[in-house]
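K.L.:
what would the 3D arrangement of this be:
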Amino acid sequence: MTDSLLYDKDPATHVAHVTFNRPDRRNALVRDMYEGMHLALADAEQDDTIKVVVLRGAGGCFTSGQDMDLVYSWYEGSRVQGDPAREAGDGRSSATTPPAPEPERKRRPSQRRRLAYDRWAQSFYHELYKHNKVLIAQVEKYALGGGLEFALSCDLAVCGRSTRLGMPAARFLGPVLGNLHLFFHRLGPTFAKDLLLTGRVAGASEFEQRGIFTRFTDDADVAETVEDLAAMVARMPADGIAIAKEFFRLVEESQGMAGADVTEHIAHAFATNLSFEDDEFNFVKLRSRVGTSKAFELRDAYFERGEPLPGVSHPGDDLEKR
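P.N.:
Residues are numbered from 1 along each chain as shown. Modelled structure (predicted):
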């Protein structure tokens, strides 16, 4: 495992725990956590003494989703060699002088790079709902982006009533994010489109009204309720659980999840390659200029209050000044 993801298991109780461990960052997801999760889930899958896996976050927070300080770093390695003079078009020839080492220049990740990485990254979400043990999500404080997808991928979930959930990255990566099959299947098309087309963060009450998660409790009772639920499930026969998981997945895929493992990474690769107009919110560009925290402030001002982006003129601005 890694420091950012903890794993423990108890053969006596038949319960394992996978814990996101970046509490100072609201357990924001980084690559090491995905790699650690893969190892943990693989271990639990092969351990006949384990019947239940609890997915939770340290410090009373599930996860706030991808760490946006590292946005696009998941596509690192997409660099090309180039001659700055030639790129500038000055026509100089290097025939009479030895060619100097060509410096690296950055470029936007290619689609093949996006597809290769996204196929790898999105596979971890599919490992959850295809896992052979009962998975329980301990959903507290925040379940955003990948956190919402993790919670929806689990068999059971206990959600604190003050938890905030949604896909806020839709506001800077577009509404084609995550496993659309999963969202439409678990949330229903109306609520899924609401969250994706607005990028808003919803309260747990909206999920409770729709009966989306297994239990809703006061925040202070979430962890205890999860452990009680895990203990109850662990009393079931191990073979019965394994058989049930296979049939549950068969039924779900026949009802709407078929093809999800192909669609998701292709959609994500396209969604992270948007072109933005001058008056549209471009998180990556703003973040490079003003930093992550300020970029989030500008996002909220733009989407929640309709304020223009700094340095961008809008049609009618001159008329309003007259």
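K.L.:
domain parsing of this protein, as residue ranges.
P.N.:
5-72+111-271, 283-321 (automatic domain parsing).
K.L.:
how far does the last one sit from its chain's centre?
P.N.:
Think domain 283-321. What separates the centre of domain 283-321 from the centre of its chain is 25 Å, taken as CA atoms, centre = their mean, to the nearest Å.
K.L.:
could you do stretch 188-201 as well?
P.N.:
15 Å.
K.L.:
and the gap between the closest residue to residue 290 other than its chain neighbours and residue 223?
P.N.:
Leaving aside its chain neighbours, residue 290 sits nearest to residue 298 (7.3 Å; criterion: CB to CB, 6 or more residues apart in numbering). Yep, even glycine has a C-beta here, placed from its N, CA and C like the rest. Here the criterion is CB to CB, to the nearest Å. By it, residue 298 lies 36 Å from residue 223.
K.L.:
out of the domains of the chain, nearest to residue 277?
P.N.:
domain 283-321 (9.6 Å; CB to CB).
K.L.:
what residues of that closest one count as buried?
P.N.:
Under the neighbour-count criterion of 16 or more other CB atoms under 10 Å, domain 283-321 has 283, 286-287, 292, 295-296, 298-299, 302-303, 309 buried.
K.L.:
I'd like the residues you listed as a markdown table, with secondary structure appended.
P.N.:
Shown next, in a markdown table, are the buried residues of domain 283-321 (DSSP: H, G, I helix; E, B strand; the rest coil):
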| residue | secondary structure |
| --- | --- |
| 283 | helix |
| 286 | helix |
| 287 | helix |
| 292 | helix |
| 295 | helix |
| 296 | helix |
| 298 | helix |
| 299 | helix |
| 302 | helix |
| 303 | helix |
| 309 | coil |
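K.L.:
from these, pick the one nearest residue 140.
P.N.:
residue 296 (21.2 Å).
K.L.:
identify the residues contacting the closest one.
P.N.:
residue 68 (CB atoms under 8 Å, 6 or more residues apart in numbering).
K.L.:
from residue 55, how far out is it?
P.N.:
26 Å.
K.L.:
one step back: closest to residue 193 among the buried residues of domain 283-321?
P.N.:
Nearest member of the buried residues of domain 283-321 to residue 193, counting by CB to CB, is residue 303, at 16.6 Å.
K.L.:
so the closest one sits against residue 199, correct?
P.N.:
Yes: between residue 303 and residue 199 a contact is recorded at 6.6 Å, counting by CB atoms under 8 Å.
K.L.:
pull up the overlap in contacts between these two.
P.N.:
Joint contacts of residue 303 and residue 199 (CB under 8 Å, 6+ apart) are residue 171.
K.L.:
re earlier: from the buried residues of domain 283-321, which has minimum pLDDT?
P.N.:
Ranked by pLDDT, the buried residues of domain 283-321 bottom out at residue 283 (74).
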